[in-house]
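In: Give me coordinates for this.
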Amino acid sequence: MGSNRYPDIDGARLWQSIEAMGRIGGLPNGGCNRQALTAVDKEGRDLFARWCEAAGARMQIDRFGNQFALRPGTMPELPLVATGSHLDTQPKGGRFDGVYGVLAGLEVLRALADAQVVTRRTIAVVNWTNEEGCRIIAGCTGSGGFAGSISSVEALGTRSIDGTTVAEDLERIGYAGPLGPRAFDISAYVEAHIEQGPILEREGVAIGIVTAVQGARWFRVVVDGTDRHAGTTPFELRQDSLVAAAEAIVAFDALGRKHGPDLRITVGRIEAAPGSINTTPSRTTFTIDLRHPASTMLDAMAGEIERIMQASTARTGTTHAIERLMEIAPVSFDARVADHLRDAAKGLGIQHRDMLSGAFHDACYIAPVAPTAMLFIPCRDGISHAEEEYASPAHCAAGAQVLLSALVELANARPTPADVPPHSFDSGEAGSMYGKTEHKQRVG
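Out: You can find the predicted model right below:
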């Protein structure tokens, strides 16, 4: 599949690695439950580390648990070239989301080692901690901490749904590393990923060059009413928090359909207390995932969410509070890095197209601090965050080959005046210089 200029990746080896990683936390219907900083996440991390070290890479860990597999270049003082994604999954996730990007990067290291290719810059493959944000809300803890848009105090103090902090979990699984934020300067970052949508498959295109990512905001809504007996309390005397929440959720769905096709509003988690079959719920808590490519629309829809909540709670005699858990502003990726991906695909004779990402990724947090782009491969029926998630061996191999070609070109780029020695810092606060993305999370 490669050209005379680049070594071939081993598609069968890549597929075997995906299958082996999929068995860690594997589910009956072919998916995975390998949530961040659990025992099975440790098992996956350990396997990845062994594979990287066998390929001649040196593993380093930062304080957020991010794994950096470093293949030294001839000029290791230069900012490195990085690729990667995440190994953590949703509770009933698939085998490819995030995992593909990490293992495609691993296959690049293996192919370069097999062919004894030497690059000018160091190439790093990264496994970012807690991209998914399901066990530890919100997501992208590792990439945000690395970039400095989340302070170490905030990231490490964030609690999981099990009540533990990130710092405690990292210590427990042995991945509390010594390196601080921005432990490495990055000259270019490329993240390979399944599309998680239907466009590439529908159009018969093998590679998507991602030029931008739509913005995302996560909210937690708490609705308070009163506990009352289900059999004796008339409707006119009830203050049912679940009814207020249900009315609002239906209105959110209508709002999303009205402002489509780019707007997305999703309620993915809901809890009603006290949870008795014969008591009206006094407190209902639910989450909202809001997405759109334009910040102005996100602002407008946040206002609409508040208006809808005010109307539903006023009608039901309840009250509400909305907390913003996370914000990722719309991101535009680096044109030069994207050009390298286009050139790689063209040189390999692989059909490709530019596209927007509807899902957020670790790349969104790296983009403000390093030139960044993404490549997508098709996934069957556009399904993701489900056990049915699937990408073909051929598409996985094609994406990895494009990734290798682009990384080699980027790693062999001549030094420029912008190249500076690697450094590490931690201000303890989220720095304003990283204002393209924000990550807000209440600690405790």
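In: Check which helices and strands the top helix by length along the chain is in contact with.
Out: Longest helix of the chain, by residue count under DSSP state H: helix 295-316. Secondary-structure packing of helix 295-316 (3 or more CB pairs under 8 Å, 6 or more residues apart in numbering; DSSP states H and E): strand 215-224, helix 241-258, strand 283-292, strand 319-328. The way it works is simple: take the backbone N, C-alpha and C, and place the C-beta from them, glycine included.
In: can I get those in TSV with mean neighbour count, mean pLDDT and distance to Gly44?
Out: Shown next, in TSV, are the helices and strands packed on helix 295-316 (neighbours: other CB atoms under 10 Å; pLDDT from 0 to 100; distance: least, CB to CB, whole Å):
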stretch	mean neighbour count	mean pLDDT	distance to Gly44
strand 215-224	22	96	25
helix 241-258	19	98	34
strand 283-292	21	97	25
strand 319-328	18	93	24
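In: out of those, which comes closest to Glu168?
Out: Closest to Glu168 of the helices and strands packed on helix 295-316, according to CB to CB: strand 319-328, at 20.3 Å.
In: Which SSE is immediately downstream of the closest one?
Out: strand 331-332 (DSSP states H and E).
In: Tell me which stretches of this structure form strands.
Out: Secondary structure of the chain by DSSP state E: the strands cover 58-61, 67-71, 80-85, 123-127, 186-194, 207-213, 215-224, 264-266, 270-273, 283-292, 319-328, 331-332, 352-357, 372-377.
In: taking the mean pLDDT, what do you get for the third one?
Out: The predicted model gives strand 80-85 an average pLDDT of 98.
In: Relative to that strand, what are the paired strands and their orientations?
Out: According to DSSP bridges, strand 80-85 has the following sheet partners: strand 123-127 (parallel), strand 186-194 (parallel).
In: Ok, the second one next?
Out: The strands that strand 67-71 pairs with in its sheet are strand 58-61 (antiparallel), strand 123-127 (antiparallel) (by DSSP bridges).
In: if we can go back for a sec, can you list the buried residues in the longest helix of the chain?
Out: Using 16 or more other CB atoms under 10 Å as the test for burial, helix 295-316 gives 297-298, 301-302, 304-305, 308-309, 312-313, 316.
In: residues making contact with it?
Out: 215, 217, 219, 221, 223, 225, 238-241, 243-245, 247-248, 251-252, 255, 259, 262-263, 265, 288, 290-292, 318-320, 322, 329-330 (CB atoms under 8 Å, 6 or more residues apart in numbering).
In: Turn the strands of the chain into TSV, including distance to Pro393.
Out: Below are the strands of the chain laid out as TSV (distance: least, CB to CB, whole Å):
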stretch	distance to Pro393
strand 58-61	27
strand 67-71	23
strand 80-85	18
strand 123-127	20
strand 186-194	13
strand 207-213	15
strand 215-224	31
strand 264-266	31
strand 270-273	38
strand 283-292	31
strand 319-328	32
strand 331-332	30
strand 352-357	19
strand 372-377	11
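In: Of those, which is nearest Ser152?
Out: The nearest among these, by CB to CB, is strand 58-61 at 14.2 Å.
In: For that closest one, give the mean pLDDT please.
Out: Mean per-residue pLDDT for strand 58-61: 98.
In: Buried residues, that strand. List them.
Out: Taking 16+ other CB under 10 Å as the criterion, strand 58-61 shows 59-61 as buried.
In: circling back: right, and the strands of the chain - which one's nearest Ile9?
Out: strand 186-194 (11.6 Å).
In: Could you check the pLDDT of the closest residue to Arg336 other than its chain neighbours?
Out: Closest residue in space to Arg336, ignoring its immediate chain neighbours: Pro371 at 6.2 Å, by CB to CB, 6 or more residues apart in numbering. Pro371 carries a pLDDT value of 97.
In: Correct me if wrong: Pro371 contacts Val190.
Out: No: contact criterion CB atoms under 8 Å: Pro371 and Val190 do not qualify, at 9.5 Å.
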